[in-house]
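**Student:** Sharing a sequence plus its predicted fold:
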Amino acid sequence: MPAPDAGSLAVATGFLTRLPVGRRATTADAMLRAAPLYPIVGAAIGALVGAVALGLAALLPTLIAGALAVGLEVAVTGALHVDGLADSADGLAGRRPEDALAIMRDHAVGTYGGVALALDLLVKAAALGALAEAGAVAPVVAALSLSRAAPLPLATALPYARPGEGTGRLLGERLGLGRAAAGVSIAAAAALAMVQLDALALLLAVAVVAALVGILARRRLRGVTGDVLGAATELSATVALVTAAGLWT
């Protein structure tokens, strides 16, 4: 298993954000080397989002500050994970796995997806606003770092549900326990550095969300897709932020 390098971090950044870096090197092997570094990119996004929320909270009501910070995260990530959440929620309308997968492939946002997005973004904005009011940026860094590790064990533990190629299939079939464990370890170390032992509560929250998403995906889809992995990331971030808000406010 080749070790990640600076190029791997660029690939991870290019995949998880809209920044034009690392995309020319996105071969399958490069993507696999980059996967354990997702939490580092998440930490950087968390630092940006948390700092913006904190700055805006000095000028605006905290909910508005949190909402604008969420908007910034969506813009930086190209709505990568919220899109996965919306598609996965819409897939719940399918009675059979085949129906659910067909619904999830449709780019139109349905009722379930719309409701899931509205609730997720509202709760996330409120949590970010509360943390900004408390002057806390470090928990945001920890939460978003941990959330970017959430899809790694899911991709490893569950089969890929959709026929054909995709990032989810690549991660599921070739990532391996070693790289998944490395990604989780990096996220845990970043969280511990940011919030010390409070990181354990955030880690538990993310683990519970990832496990529940995995159980639901196994039952409804017989596995995971890229959308499911994105949904796990987004929900993990929101629940971790809510947990952090409960601890810091």
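**Tutor:** Thanks, I have the structure now. Numbering: from 1, shown residues only.
**Student:** so what secondary structure elements neighbour the one helix or strand in the chain whose mean pLDDT sits lowest?
**Tutor:** One helix or strand of the chain scores below all others by mean pLDDT, DSSP states H and E: helix 167-174, with a mean of 74. Packing partners of helix 167-174 (3 or more CB pairs under 8 Å, 6 or more residues apart in numbering; DSSP states H and E): helix 28-34, helix 151-157, helix 226-248. Using the backbone N, CA and C atoms, a C-beta is placed for each residue, glycine as well.
**Student:** got the contact list for the residue of the chain most remote from its centre?
**Tutor:** Here the centre of the chain is the reference, and by CA atoms, centre = their mean the most remote residue is Leu59, at 28.6 Å. Leu59 sits next to Ala65 when contact means CB atoms under 8 Å, 6 or more residues apart in numbering.
**Student:** what residues are up against Arg222?
**Tutor:** By CB under 8 Å, 6+ apart, the contact list for Arg222 reads Pro97, Pro159, Ala161.
**Student:** mind checking the SS state of the spatially closest residue to Asp99 that is not a sequence neighbour?
**Tutor:** The spatially closest residue to Asp99, leaving aside those adjacent along the chain, is Ala93, at 8.0 Å (CB to CB, 6 or more residues apart in numbering). Here Ala93 is coil, with the state taken from DSSP: H, G, I helix; E, B strand; the rest coil.
**Student:** From Ala116, how far off is Ala93?
**Tutor:** As judged by CB to CB, to the nearest Å, Ala93 and Ala116 stand 12 Å apart.
**Student:** Looking at these two, which is more packed in?
**Tutor:** Ala116 (23 against 14; other CB atoms under 10 Å).
**Student:** Not including adjacent chain positions, what is the nearest residue to that one?
**Tutor:** Ala89 (3.6 Å).
**Student:** one step back: hey, C-alpha coordinates of the least confident helix or strand of the chain in CSV?
**Tutor:** What follows is helix 167-174, C-alpha atoms only, in CSV (Å, rounded to 0.1, in the frame of the first residue of the first chain):
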residue,chain,number,x,y,z
THR,A,167,-15.9,6.3,-7.0
GLY,A,168,-18.0,4.3,-4.5
ARG,A,169,-17.1,1.1,-6.3
LEU,A,170,-13.5,2.0,-6.4
LEU,A,171,-13.4,2.7,-2.7
GLY,A,172,-15.4,-0.3,-1.8
GLU,A,173,-13.4,-2.8,-3.8
ARG,A,174,-9.9,-1.5,-3.5
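**Student:** That one relative to helix 226-248, how many degrees between them?
**Tutor:** Counting by axes from the mean of the first three to the mean of the last three CA atoms, to 10 degrees, helix 167-174 points 90 degrees away from the direction of helix 226-248.
**Student:** burial count for the closest residue to Leu229 other than its chain neighbours?
**Tutor:** For Leu229, ignoring the flanking residues on the chain, the nearest one in space by CB to CB, 6+ apart is Pro151 at 3.7 Å. Neighbour count of Pro151, defined by other CB under 10 Å: 31.
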